[in-house]
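A.B. asks: Everything below, folded, please.
(2 chains)
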Amino acid sequence: MKALMSLGALLGVAGILLLGGMTFDIVPSTTIRLVEGYMPIQMLLEVTCYVAGFAGLSYMLSAMGMAMPRFWQGIGFWAFFLLYLKYRVYPPIPFSVRAMYGTVSLVAVFMWVSANEEDWKKFKQPIMNVLDAQTGMNKLLRYAYLIILPILIGGFSFNAMMPKSEEPIELRTVHPAPPASTKVHGKTYTLQTSQNPYRVNPEGKYDQEFSNANIVEQGMGRLMKPNANPWDDKNTGYLKYVREGGEIFFQNCHFCHGDNLNGRGLHAFAFNPIPANFTDPGTIAQLQETFIFWRVSKGGIGLPNEGFPWASVMPPWEQHLTVDEIWKVILFEYWHTGYYPRTWD
Amino acid sequence: MMDSITRKAGITAVVAFGVVLVSSAGYSIVSAQGLPEGFKKGDLAPEPSAEMIEAGKRVYFTKCVWCHGVDGAGDGPGADRLWPRPRNFNQGTFKIRHTASGELPLFDAKKPIAGQNDLFETVTHGLPGSAMPPWEGILTEEQRLQVLSFVTTQLVKDRKFTDKQSESQTVLQLADLKPKPASDESKKRGSELIVEKKCVECHGMEGRGDGNAFNLKDDWGFSIQPANWHKCWNFRGSRQDPYNVSNIFRTFSTGVNGTPMPSFADNTTVDERWDIANFVNSLCERDALGNPLPIDPLTDKPKINFVIPSDLVEGEIPADIEHEAWQKAPKRYVAMGGQITHKPRNFVNRIDDIWVRSLYNDKYIAYLLEWDDRTKSVAEAKLPWAPTQVNIDVKEQDPKTGEEGSIAAHQNNYTVYNDAIGIETAVKWKELPAPIKPRYLFGTNDQFPVDIVKWEADGSLRAFKGTGWDKDFEERDNYEESMKLLKAEWKNGRWYVMIQRPVGNKKDQDYDEDTFFEVGQYIPTVFFAWDGHNGDAGRKMAVSAFFYTFMNPPVPQETYIYPAVIAVGVVLLEGWVLTRRANKKKGKTL
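C.D. replies: Below is the predicted model of the structure:
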């Protein structure tokens, strides 16, 4: 038990030092990077580590006879969590969301300190001590709070009322509901029944299984399957179309969506929000191929209002590409990211 | 006592000896071994294993082939539209190295150590300012080493990384050369040295890359341009650490192979090179306090604040940039991307950022726009198409490299139009429920038009109404009288343009065409920029995303009153709690 707790304490101290160092720029802020597409999991893991670390730390301190009062433990962890949300998480989350997480964690801290009567009493004790001011120290503290609190609260409200020019928060729907059908180059496509004509097996028939077998390996650093090189001259069917789609992608799309389809192309930094990241499991992996077909064909202009059509530079690609080229690009995007398109069943 | 004096004397002697040693080393640039100062002989790395090469092939044909091509000749499907172009590996010419000019870069498939593996670091951190992205987090360390094993052994064809007969390695010992502090003295010496060493001939008098802007070509005959020292985040070798002076020192010591940038190792001392690096580094844009700009880890460019604050001035808006009001106004970085979505598409965007400040008074709002443009371009004679025209007939696909009229052949050889800048604001932004805006490329339709103010290098300042990305601008009449060009100057590779326009008032404003600038509101604003020597005109331009002009309101009275009231309330509350507690302790109930 003791060994476990010591390990926890070590972990906690190391983590806190690292995070603190990264916050104050002593340690390079890129020491531990948030891995694309795995950020929520990574955050959960990190927070778990910190909880374990804090538990171990407080155990160690009390074992050494320097027990930290329950009151400061609770406040300390809460403050730590708020700092974590503000400085660690990137891209930054809006204040409103942070406030939500902050409230939830405050409730959790309260549940923890009031788990039983004795704990709750211990937690309240420092507050009561100051209120009662039995000792000289507490008396001093009481006067200090008496003066500091009004100043602080007055200051905060002054700060809140001062006119500011912060960026307004705009919550955009990333995947708005698609229409039932879309008309591209004069032909109507019903999104529920249309299929990618290039997802074919060597016999030329639509075959999801065949193309799945040729899709790259899952996981980070997705690469093509051995012996499934789209650049092989002998290729016919699926892999040949993947290459043709890739050529179109790299002539038109990668300037924004990036060489790795992660939304960080050459011009991406100028846009707000930066272009869609197809390697994130939340984008094309969640969508049907026909949804992508609709989005690519109609561009930002074709989005409904909740999708912020005015904030997107994505053009209606039907003006630059043929229907066949659009399908090939979609085929390439799934091949390159290693995702399977969602199906309608 | 005696003892301590002898010790002091001893230390002084040692220090003096050290100083003599160091300074004498400074005079002999070439050391005993015949190597430039700061360099050491290195060994060629062993050839990577066959398995690594084979595995690297899979990485290459998944990720790299699209730009660098099947044979590594820098001719993949994306290459023709990229500028700078992707690297041609065949000749074994690489830009960013720790090795002496002309030598192969450091690469060892077993050693992914910073400073000892140039190619690995390039793949890891990418080459900012070009399309090469950082591959860290996408490819594992092993995959990055594998793909480099493939490239260095199979795609580099004219040279061999392991051939001891023809290849040697002279390595810059950057880890042992501690940077010299960037004192004013060092920077001053650096500023003299860049003139003496003729850096300014290419990089320009202010280091904006505007010297010799037209004549530079790389080893393959493609047009390139000298670096702009004010944008260190675009330095190819910045390694995602743009303000690090060591990167500049390295580039300056080793040269950039394949380009006209030579190595200065042979004709400068290490000390001089640090002075130059310190000076170049000091030119990079910084915030008002002189601190490096925060860099956005998502894009490796400066972080963007999408609000353009405008401060109130009493009386006339000053036309002098040095005026206190302009100096105090916050300066915002506006990132610009190439307009590649509507024809004609601008794949080779030259203007990637502008800097904006704003002031207003009761009648007018003024924008001060500054941006780097290596050439002052003013159109001469009649042009093939009118720059205000939107719907022109453009062919879909540019010819390929090698064919006539390709992007590569065009570079620095376009029809010259006027340099220009445009500010687009939404006209009926108040009628649109927030956050809805008109579409930002020239508005949505007649119902929700945009108001475009455009300045051109011929000195004209005109206003247009835009009613859709596929419709021509409509020029607004009588608007020239109400606008004013306060300043327009091109100096050493940078434009300084100050435009003043009416804020509008409720009585006589034409709300169908005019934007009403209201204090304390977020007014959607977009910036456009055209580089005349890049053939930019009409929709071939650089665009920003939606920013907001925000006219800072004067602080209202309540801001001072309410917090005071709240503070008094807190005091009363405290008194109540304490009294209650005291009473409870005494056993009283209220």
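A.B. asks: make it CA atoms for all contacts and neighbour counts henceforth
C.D. replies: Noted.
A.B. asks: where does the stretch 201-345 of chain A have low pLDDT?
C.D. replies: Where the stretch 201-345 of chain A drops to pLDDT under 70, the residues are A:217-221, A:345.
A.B. asks: Count residues in the vicinity of B:Met132, would you?
C.D. replies: By other CA atoms under 10 Å in any protein chain shown, the residues close to B:Met132 number 23.
A.B. asks: Output the contacting helices and strands for the helix or strand harbouring B:Ser310.
C.D. replies: If you go by DSSP states H and E, B:Ser310 is part of strand B:307-312. Using 3 or more CA pairs under 8 Å, 6 or more residues apart in numbering or on different chains; DSSP states H and E as the contact test, the elements touching strand B:307-312 are strand B:353-360, strand B:547-551.
A.B. asks: Any chance of TSV for the ones you listed, columns mean pLDDT and mean neighbour count?
C.D. replies: Formatted as TSV, the helices and strands packed on strand B:307-312 follow (pLDDT from 0 to 100; neighbours: other CA atoms under 10 Å in any protein chain shown):
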stretch	mean pLDDT	mean neighbour count
strand B:353-360	97	22
strand B:547-551	94	24
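A.B. asks: Check the spatially most central residue of chain A and give its pLDDT.
C.D. replies: Nearest to the mean C-alpha position of chain A, by CA atoms, centre = their mean, lies A:Met39 at 5.2 Å. pLDDT, A:Met39: 75.
A.B. asks: how far away is it from chain B?
C.D. replies: To chain B, A:Met39 is 12 Å away according to CA to the nearest CA, to the nearest Å.
A.B. asks: List the contacts of B:Thr444.
C.D. replies: B:438, B:467-469 (CA atoms under 8 Å, 6 or more residues apart in numbering or on different chains).
A.B. asks: how about the nearest residue to it, chain neighbours excluded?
C.D. replies: Ranked by CA to CA, 6 or more residues apart in numbering or on different chains and with sequence neighbours excluded, the top spatial neighbour of B:Thr444 is B:Gly468, at 4.7 Å.
A.B. asks: Looks like the one you found contacts B:Pro449 (just checking).
C.D. replies: Yes. Using CA atoms under 8 Å, B:Gly468 is in contact with B:Pro449, at 7.5 Å.
A.B. asks: higher neighbour count, those two?
C.D. replies: Per other CA under 10 Å, whichever of B:Gly468 and B:Pro449 has more neighbours is B:Pro449, with 27 against 20.
A.B. asks: What residues does the more buried one make contact with?
C.D. replies: B:426-428, B:438, B:442-443, B:465-468, B:512-513.
A.B. asks: my guess is B:Val348 meets B:Leu82, correct?
C.D. replies: Yes. Counting by CA under 8 Å, B:Val348 touches B:Leu82, with 6.7 Å between them.
A.B. asks: Next, count neighbours for residue 145.
C.D. replies: Since you didn't name a chain, this refers to chain A. Neighbours of A:Tyr145 using other CA under 10 Å come to 15.
A.B. asks: Oops, wrong one, chain B.
C.D. replies: Using other CA under 10 Å, B:Leu145 is surrounded by 28 other residues.
A.B. asks: Secondary structure class of it, three-state.
C.D. replies: helix (DSSP: H, G, I helix; E, B strand; the rest coil).
A.B. asks: What distance do you get for the closest residue to it other than its chain neighbours to chain A?
C.D. replies: Once flanking residues are discounted, B:Leu145 sits nearest to B:Ala109: 5.4 Å by CA to CA, 6+ apart. Distance of B:Ala109 to chain A, given as CA to the nearest CA: 18 Å.
A.B. asks: Would you confirm that B:Ala109 belongs to a strand?
C.D. replies: No. Applying three-state DSSP, one finds B:Ala109 to be coil, outside a strand.
A.B. asks: what sits against it?
C.D. replies: Per CA under 8 Å, 6+ apart, neighbours of B:Ala109: B:47-48, B:145-146, B:148-149.
A.B. asks: Closest one of the residues you listed to A:Phe156?
C.D. replies: Closest to A:Phe156 out of the contacts of B:Ala109 is B:Leu145 (53.1 Å), distances taken as CA to CA.
A.B. asks: What score does the closest one have for pLDDT?
C.D. replies: Taking B:Leu145 on its own, its pLDDT is 96.
A.B. asks: One more: B:Met336?
C.D. replies: 96.
A.B. asks: now do B:Arg7
C.D. replies: pLDDT at B:Arg7 comes out at 53.
A.B. asks: likewise B:Asp219?
C.D. replies: pLDDT for B:Asp219: 92.
A.B. asks: now swap in B:Gly69 and tell me
C.D. replies: 95.
A.B. asks: Would you confirm that A:Phe71 contacts A:Lys121?
C.D. replies: No. If you go by CA under 8 Å, A:Phe71 and A:Lys121 don't touch, sitting 9.9 Å apart.
A.B. asks: Which one of the two is surrounded by more residues?
C.D. replies: It is A:Phe71, of A:Phe71 and A:Lys121, that has more neighbours when counted by other CA under 10 Å, with 18 against 15.
A.B. asks: check which helix or strand covers the more buried one.
C.D. replies: helix A:70-83.
A.B. asks: same deal with B:Leu486?
C.D. replies: Here B:Leu486 is assigned to strand B:484-491, by DSSP H and E.
A.B. asks: what does that strand contact?
C.D. replies: By CA under 8 Å, 6+ apart, the list of residues contacting strand B:484-491 from outside reads B:319, B:376, B:459, B:461, B:495-501.
A.B. asks: which parts of the stretch 351-500 of chain B sit against chain A?
C.D. replies: With the criterion set to CA under 8 Å from any CA of the partner chain, the stretch 351-500 of chain B comes near chain A through B:396, B:435-440.
A.B. asks: okay, among those, which ones form the most distant pair?
C.D. replies: B:Glu396 and B:Pro435 (34.4 Å).
A.B. asks: When these two are compared, which one has more neighbours?
C.D. replies: Neighbour totals were compared for B:Glu396 and B:Pro435, and B:Pro435 leads with 18 against 12 (other CA under 10 Å).
A.B. asks: any idea how far B:Tyr360 lies from A:Ser181?
C.D. replies: 49 Å (CA to CA, to the nearest Å).
A.B. asks: Then B:Ala366?
C.D. replies: Separation of B:Ala366 from A:Ser181 (CA to CA): 48 Å.
A.B. asks: Kindly report the same for B:Cys232.
C.D. replies: Look at B:Cys232 and A:Ser181: by CA to CA, they are 48 Å apart.
A.B. asks: So these two - more neighbours on which side?
C.D. replies: B:Cys232 (26 against 16).
A.B. asks: phi, psi of the more buried one?
C.D. replies: With angles defined as degrees, to the nearest 10, B:Cys232 sits at phi -70, psi -20.
A.B. asks: What of B:Ala542?
C.D. replies: Per degrees, to the nearest 10, the backbone of B:Ala542 is at phi -100, psi 140.
A.B. asks: likewise B:Val200?
C.D. replies: Torsion angles, degrees, to the nearest 10, at B:Val200: phi -70, psi -20.
A.B. asks: now B:Asp451
C.D. replies: phi -110, psi 120.
A.B. asks: residue ranges of the helices in the chain, please?
C.D. replies: You didn't say which chain, so I picked chain A. A:2-23, A:39-63, A:70-83, A:95-113, A:117-132, A:136-161, A:208-213, A:238-252, A:254-257, A:289-298, A:323-337 (DSSP state H).
A.B. asks: hmm, I had chain B in mind actually
C.D. replies: For chain B, the helices defined by DSSP H occupy B:2-27, B:50-59, B:65-68, B:118-125, B:141-150, B:184-196, B:200-203, B:245-254, B:270-283, B:324-328, B:407-410, B:558-585.
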